[in-house]
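>>> 3D, please:
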Amino acid sequence: MPHTTSPTATTTTTTTADTTTAPPASASVDALPWEELVTSALLGTDRRPPAPRGGPVPVDAPAALLDAAALHTVRRRAGLLPAVPEAPPEPAAPDPRPALPEAARHRLAHLLADRSAPPGGGRRGTVPDLTELIPQWLAIANRRGFRAPAALLPPLLDAARARTDLRPQALAFAGPRGRWLAGLNPDWKFALRGSASCAPQTDTTDPDAVARLWEEGLFAERVALLDAVRAQDPPAGLALLASTWSAERAEDRLMFLDSLRSGLGDADEPFLEQALSDRSRNVRATAAELLSALPESALAGRMAARAMSCVHPDRTGEVAAIAVEAPHECDAGMQRDGVMAVPPTGRGERSWWLGQLVEATPLGVWEERFGGRPAEEVVTLPVADDWADELHTAWCRAAVRQQNPRWARALLGRPSAPVASGPGTASIAERSKLLAILDAEERASWVAGFIAAHGLSEAFQLLGVCTVPWAGPLGRAVVDALDIARDGGSYPWSFSGVMGLAERCLDPAEADRLEVLTATQDEQEGASPGAGGYWSEAFQRLVSTLRLRATMEAELMA
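You can find the predicted model right below:
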């Protein structure tokens, strides 16, 4: 008898099957991975419905998507396991320096908060620029030996991160606690790189500790260690460097070699002579530069012999003069001694070689070469065949390299002399390097004379090498020149750089004397429109800045 199924049974079976194979829409959406829900949300439920492949699309797709996302979120949160706690960091090293006076602490907080204020743009007005006073505040605080407040270390490190010129003073002020804090925040990792901030914690008098740090330390730690050992005991520093020299990378050898500038002496000559054969051209050049700074070195003697064969007394005329015959080739010996064979673009080969020979020659050689004449007379001798500029410029570089104040003084000449007719070089940049060799008082006196004779238009770089605060004669020369420019109807914004420098470098005691310059003058015929108002604002800002600097210093002296 054939098997039959009742309609009721058939209906029941079908219903059961439908319930198993076609779950509700919301359940199917809940089963989707989180990544697919995110994709559907980004593209839109119309373009990417939240449904599994081949499954039905929910009637209200946006609501189903949100329900599924909420359910996933609860699952993800509930499924998180508690994290294993890390060991707390070691505490920062103690900082024995005294705390800041309360008024100075509030001042620093104000300066650092103002650092992030948006610039005003356009006219600066009469309000001091607090951002530019941060370096000076830090310098005074470091001289006084104060400790940075813990709460202000984060904004201080942020300021140093934004401005590289702040870093040496800021990191010195931050001290060991600042370095400790920088190790916990990748944004402040710059504080762990430089040798100034990586001062070795190792006792440099302990040979075993020094050897261990030299072998195992990070590069910045090794540079700092070499600098520290070299400062205390130059031969020991040289021995430390020689112990691993052949195994160092070229770029590291260059940095380490630069550390020998501290305490450079005749005992370093054998090591530097060997470095002239180094594989790296930059290492060879640095070794040659250091050897040329040792007047008694063999390299200095070789370079002097070459230079004297090119530069000699001119005996063809009735008056003393200098004759020049530049080298015709750059042989292998010259190149080993640091002479670069290929000149820069636009520079002649022979003049390029001559300049390098003269630069590396001890300056005392020329006084003997020209009959015992002092430097002041040698630099004034006429030079044949238009070689004067090349020869004098090379002498300037030699004076800077050898830190010879007598030759620097001779090459600078009188500050009142026309720039183009001086005995040395017309380059203001070269003159600023020569000035840096002189002591602070003589430097300020020379620049004051230069400003009195030539004004401020070419003096900006020269002012930058003068000790702060500017000495009385220099400060008065700058203010007088600004006053003359104002009375002459000059564009005030042409002197904004000098005015900004004056705000930072003038002696604060000059504020009362400058008060008279803050008045607005009547517009002069032919003057720039509105110049009087600009000049008045500039002098008001100068006076208020000087008074603020005086207050800052008093707060740090309390």
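
>>> which residue sits closest to Glu441 in space, ignoring its chain neighbours?
Ala471 (6.5 Å; Cβ to Cβ, 6 or more residues apart in numbering). Just so you know, the C-beta spots here come from the backbone N, C-alpha and C atoms, and that holds for glycine as well.

>>> swap that for Val358, please
Leaving out its chain neighbours, the residue that sits closest to Val358 by Cβ to Cβ, 6+ apart is Ala394, at 3.7 Å.

>>> same check, this time on Ala275
Ala287 is the one closest to Ala275 (Cβ to Cβ, 6+ apart), at 3.7 Å.

>>> low pLDDT regions in the stretch 201-350 of the chain?
Within the stretch 201-350 of the chain, the stretches with pLDDT under 70 are 201-203.

>>> switch the cut-off to 90
201-209, 216-221, 223-224, 231, 262, 315-319 (pLDDT under 90).

>>> mind listing the helices for it?
Taking DSSP state H, counting those that start in this stretch as the test, the helices found in the stretch 201-350 of the chain are 207-216, 219-232, 234-244, 250-258, 269-275, 281-292, 298-310, 332-336, 349-359.

>>> what's the closest of these to Ala321?
Ala321 lies closest to helix 298-310 among the helices of the stretch 201-350 of the chain, at 15.1 Å (Cβ to Cβ).

>>> contacts for the closest one?
Contacts with helix 298-310, where a contact means Cβ atoms under 8 Å, 6 or more residues apart in numbering, come from 269, 273, 276, 288, 291-292, 294, 324-327, 333-334, 337-338, 354, 357-358, 360-362, 365, 369.

>>> cool, and stretch 92-101?
Outside stretch 92-101, the residues that touch it by Cβ under 8 Å, 6+ apart are 105, 108, 141, 145-149, 175-177, 180-181, 201, 555-556, 558.

>>> For ChimeraX, write the select line for the buried members of the residues you listed.
Selection of buried members from the contacts of stretch 92-101 for ChimeraX, criterion 16 or more other Cβ atoms under 10 Å:
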select :105,108,141,146,147,148,175,176,177,180,181,555,556
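
>>> And the chain, split by domain according to the record?
The record's domain parsing of the chain by automatic domain parsing lists 207-292, 298-438, 458-558.

>>> Which residue ranges of the stretch 351-500 of the chain form helices?
Using DSSP H, counting those that start in this stretch, helices in the stretch 351-500 of the chain cover 364-369, 375-378, 388-402, 405-412, 428-435, 440-454, 460-463, 472-487, 496-505.

>>> Give me the contacts around the second one.
What it means is helix 375-378. Applying Cβ under 8 Å, 6+ apart, the external contacts of helix 375-378 come out as 363, 366-367, 370, 406-407, 409-411.

>>> how about CSV for those, with neighbour count added?
CSV is the format used below for the contacts of helix 375-378 (neighbours: other Cβ atoms under 10 Å):
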residue, neighbour count
Leu363, 21
Trp366, 24
Glu367, 16
Phe370, 18
Arg406, 15
Trp407, 27
Arg409, 18
Ala410, 22
Leu411, 27
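
>>> Just put the residues you listed in JSON lines and tack on distance to Ala300 and pLDDT.
Output for the contacts of helix 375-378, formatted as JSON lines (distance: Cβ to Cβ, whole Å; pLDDT from 0 to 100):
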{"residue": "Leu363", "distance to Ala300": "11", "pLDDT": "97"}
{"residue": "Trp366", "distance to Ala300": "13", "pLDDT": "97"}
{"residue": "Glu367", "distance to Ala300": "15", "pLDDT": "96"}
{"residue": "Phe370", "distance to Ala300": "18", "pLDDT": "95"}
{"residue": "Arg406", "distance to Ala300": "18", "pLDDT": "96"}
{"residue": "Trp407", "distance to Ala300": "15", "pLDDT": "97"}
{"residue": "Arg409", "distance to Ala300": "22", "pLDDT": "96"}
{"residue": "Ala410", "distance to Ala300": "20", "pLDDT": "96"}
{"residue": "Leu411", "distance to Ala300": "20", "pLDDT": "95"}
